[in-house]
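Peer 1: What follows is a predicted structure for the sequence shown.
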There are 2 protein chains.
Amino acid sequence: MMKLIPPRRKAKVHLAPKASTRQIVGAIGEQAMIQRLVCALQERGDVVVGPGDDCAVVRPAANARYDYLLKSDPVVEGVHFTRTTLDAAVGHKALGRVLSDIAAMGGEPLWALVNLVVPSAMPVARVMGVYAGLRKLARRWRVAIVGGDVTRGPRLEAHVFGVGRVPRGQAILRSGARLGDYLFVTGALGGSRRGKHLAFQPRLAEGRWLQGRGRATAMIDLSDGLATDLRHLIKQSRVGAELVLSKIPLAPAIRKSALRRTALRHAFCDGEDYELLFTVAPANAAALIRAWPEKFRTPCAYIGRITGHRDIIECVDARGQRTRMKAAGYEHFR
Amino acid sequence: MMKLIPPRRKAKVHLAPKASTRQIVGAIGEQAMIQRLVCALQERGDVVVGPGDDCAVVRPAANARYDYLLKSDPVVEGVHFTRTTLDAAVGHKALGRVLSDIAAMGGEPLWALVNLVVPSAMPVARVMGVYAGLRKLARRWRVAIVGGDVTRGPRLEAHVFGVGRVPRGQAILRSGARLGDYLFVTGALGGSRRGKHLAFQPRLAEGRWLQGRGRATAMIDLSDGLATDLRHLIKQSRVGAELVLSKIPLAPAIRKSALRRTALRHAFCDGEDYELLFTVAPANAAALIRAWPEKFRTPCAYIGRITGHRDIIECVDARGQRTRMKAAGYEHFR
């Protein structure tokens, strides 16, 4: 377990960029757009972690028993699902994405609100079906849907806002990885477009255990792909990472690929795995490996180590050869 | 100040409707769609007020000092603003709508998250401008924007999720009005489409005072128009209301109307006034009328009384004649 790091005030107050006024959003990409928006936001003393981690962390009172986790995430037709996606799968994914982020902080989900955007000509039955999927997942994790809104718009969208909690000061951040820590990942990676991106189970039980007995030092959920999300983790921890390629757990959907290289590319870049990537101090790694299969049916694999080569991901192949990984991963707008 | 009323469990668990599968959302309207979705939601003991009031109210612990208010609201291009609406006004309205709902519970806003949906071809400068409007209003009320998301979509949208707080058990609900209570409204009503719907100031200071010293018994913010919102208030309070037509404060934009009847129709039905409609027990009304102008520049007008004629709004004209008001007010989808 790691201590919470206060927001880096200086880094946040960089000035708005000198962008040409004609520059369009599609040209800079989603991540850059978010970066530009979150600069110079109002800060409050009760904000422990602002934008940039899986969830925001707020502390209602200095002596409160729990910190609260806040997260919002959208699913939009044509981006996160299609016109033919089953109703319930849309709702499942909408809430599941938020729960996955709460899991990645080691949190317990509590309440959610849902804004739906719905074309006027959409059958009422589809909207009911979306909500049924949402409600089923909510029930499973005892999340209360306490509000929201329905408004008309050109395409179906669901924006879910979730609140969770974690014992005070105990949220697992992206920034807690230390030199020598072991890297683990739950489940199997790649090929999510063939179904898993709609049907994943948020790793809430695993996340909470990793926050407590499991003693994870840093954690992130895999939404953009191992390549991109590991990069977020090492960047915020100011470290590097070394991946053992033979240890990367490949999803059945991609294991059939003729070339192992192709399969690995899927595992690194497909995104939407909604698995947990986390680090554990060397002293606790053996205990974790022993305890895991007794606690969970979800597999958990050791995939590498944290290094001191800041911002660098190295891959070690079966012959022991090292290559440096280039930036990659799914990004909206591009 | 009133006690919190536990959610009416029975009333909520009505069954899903026997709608034809071909029925479309546009045919039943937004309110009916919301009604159908919020039935049979997962409940938790820590949810004091679920869907159906201005905000949800949750209680983290039985002995907590504060209850927390949760609210989400969208603004969508073509529904809540147009392509030519100034950037900052879009952001102002997006956050302002949520703050207005927190005001209507007597709450203090704390944190917000913002999901933007943005066409790829939209200039970066427009998105930055929207956020600037949002940030300015956030700064004014010391709200920290702690997260959110940017995703691509066909039209500009902003979905704001806000969290506020109120002393435990002290949220002002829609359901607290009692027979004989005086009805008040802040500001002036009608004609919001001529600008106010984009530039309103959420009545946060007024709302908090009404929750404390002002001793409001029930409160709602005017988003759908006095006619519709007063109907919500009396329905949830299980009472009726009597409006004194000569007392309805008319906005300058509509006061010029040739016919007073036309002006009143605007005041009742235009919607998006974002003023507070509230009730006060007879014993406290005189004190409120005295104290108000010393505290606030926003006007506050006595406009009628709460009656025992459940679900009925009666209007009393200058000659003392009574007429019953029919259901009216702005609703999306129609």
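Peer 2: Looks like it arrived, so ask away.
Peer 1: Extract the residue ranges of chain A that are flagged as low pLDDT.
Peer 2: A:1-21, A:39-42, A:258, A:327-334 (pLDDT under 70).
Peer 1: Let me see the domain layout of it.
Peer 2: The domain map for chain A lists A:29-167, A:174-324, with the assignment taken from automatic domain parsing.
Peer 1: Could you dump these into a markdown table with mean neighbour count and distance to B:Ser223 added?
Peer 2: In this view, the C-beta of every residue, glycine as well, is placed from N, C-alpha and C. As requested, the domains of chain A are arranged in a markdown table below (neighbours: other C-beta atoms under 10 Å in any protein chain shown; distance: least, C-beta to C-beta, whole Å):
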| stretch | mean neighbour count | distance to B:Ser223 |
| --- | --- | --- |
| domain A:29-167 | 22 | 11 |
| domain A:174-324 | 19 | 33 |
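Peer 1: Adding distance to chain B as columns, could you present those domains in CSV?
Peer 2: Listed next are the domains of chain A as CSV, based on distance: least, C-beta to the nearest C-beta, whole Å:
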stretch, distance to chain B
domain A:29-167, 3
domain A:174-324, 11
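Peer 1: Quick check: which of these is nearest to B:Pro293?
Peer 2: domain A:29-167 (30.9 Å; C-beta to C-beta).
Peer 1: which ones are touching the nearest residue in space to A:Thr323 that is not next to it in sequence?
Peer 2: In this structure, A:Thr323 finds its nearest non-sequential neighbour in A:Cys315, 5.2 Å apart by C-beta to C-beta, 6 or more residues apart in numbering or on different chains. Residues in contact with A:Cys315 (C-beta atoms under 8 Å, 6 or more residues apart in numbering or on different chains) are A:242-243, A:245, A:322-325.
Peer 1: if I've got this straight, A:Cys315 is in a strand?
Peer 2: Yes: with DSSP: H, G, I helix; E, B strand; the rest coil as the criterion, A:Cys315 is part of a strand.
Peer 1: Quick check: bridge partners of it?
Peer 2: Under DSSP bridges, the beta-bridge partners of A:Cys315 are A:Leu243, A:Thr323.
Peer 1: After whichever strand or helix holds A:Leu210, which helix or strand is next?
Peer 2: Assigned by DSSP states H and E, A:Leu210 belongs to helix A:204-211. Moving toward the C-terminus from helix A:204-211, the next helix or strand (DSSP H and E) is strand A:216-221.
Peer 1: Enumerate every residue touching A:Ile234.
Peer 2: Counted by C-beta under 8 Å, 6+ apart, A:Ile234 has contacts A:177, A:240-241, A:306, A:310-313.
Peer 1: Am I right that it falls within a helix?
Peer 2: Yes: under three-state DSSP, A:Ile234 sits within a helix.
Peer 1: by contact count, what packs against the helix or strand hosting A:Arg135?
Peer 2: Using DSSP H and E, A:Arg135 falls within helix A:124-140. Judged by 3 or more C-beta pairs under 8 Å, 6 or more residues apart in numbering or on different chains; DSSP states H and E, helix A:124-140 is in contact with helix A:87-103, strand A:108-118, strand A:144-152, strand A:157-167, helix B:25-28, helix B:30-37.
Peer 1: how about the ones you listed in JSON lines, adding distance to B:Val48?
Peer 2: Output for the helices and strands packed on helix A:124-140, formatted as JSON lines (distance: least, C-beta to C-beta, whole Å):
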{"stretch": "helix A:87-103", "distance to B:Val48": "22"}
{"stretch": "strand A:108-118", "distance to B:Val48": "11"}
{"stretch": "strand A:144-152", "distance to B:Val48": "10"}
{"stretch": "strand A:157-167", "distance to B:Val48": "14"}
{"stretch": "helix B:25-28", "distance to B:Val48": "29"}
{"stretch": "helix B:30-37", "distance to B:Val48": "20"}
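Peer 1: A:Met33 is nearest to which of these?
Peer 2: strand A:157-167 (17.1 Å).
Peer 1: Tell me how far the closest one lies from the chain's centre.
Peer 2: Centroid separation for strand A:157-167 versus its chain: 13 Å, with C-alpha atoms, centre = their mean, to the nearest Å.
Peer 1: tell me the angle that strand makes with strand B:108-118.
Peer 2: 140 degrees (axes from the mean of the first three to the mean of the last three C-alpha atoms, to 10 degrees).
Peer 1: What strands line up against the next helix-or-strand element following strand A:157-167, and which way round?
Peer 2: On the C-terminal side of strand A:157-167, the nearest following helix or strand under DSSP H and E is strand A:182-186. Here strand A:182-186 has these sheet partners by DSSP bridges: strand A:276-280 (antiparallel), strand A:300-307 (antiparallel).
Peer 1: Work out the gap between the last one and the centre of the chain.
Peer 2: On the basis of C-alpha atoms, centre = their mean, strand A:300-307 is displaced by 18 Å from the centre of the chain it belongs to.
Peer 1: can you check the first one too?
Peer 2: Taking the mean C-alpha point of strand A:276-280 and that of its whole chain, the gap between them comes to 12 Å (C-alpha atoms, centre = their mean).
Peer 1: now what about it, what contacts it?
Peer 2: With C-beta under 8 Å, 6+ apart as the criterion, strand A:276-280 contacts A:103-104, A:172, A:176-178, A:181-186, A:203, A:206-207, A:210, A:214-222, A:226, A:229-230, A:233, A:237, A:288, A:306.
Peer 1: mind listing what the residue nearest the centre of chain A touches?
Peer 2: Residue closest to the mean C-alpha point of chain A, counted by C-alpha atoms, centre = their mean, is A:Asp221 at 3.0 Å. For A:Asp221, the contact set (C-beta under 8 Å, 6+ apart) comprises A:54, A:100-101, A:103-104, A:203, A:229, A:274-277.
Peer 1: what do you get for A:Lys71?
Peer 2: Per C-beta under 8 Å, 6+ apart, neighbours of A:Lys71: A:54-56, A:98, A:101-102, A:161-162, A:164, B:113, B:147.
Peer 1: 10 Å instead, please
Peer 2: A:53-56, A:97-102, A:104-105, A:107, A:109, A:112, A:160-164, B:113, B:146-149, B:161 (C-beta atoms under 10 Å, 6 or more residues apart in numbering or on different chains).
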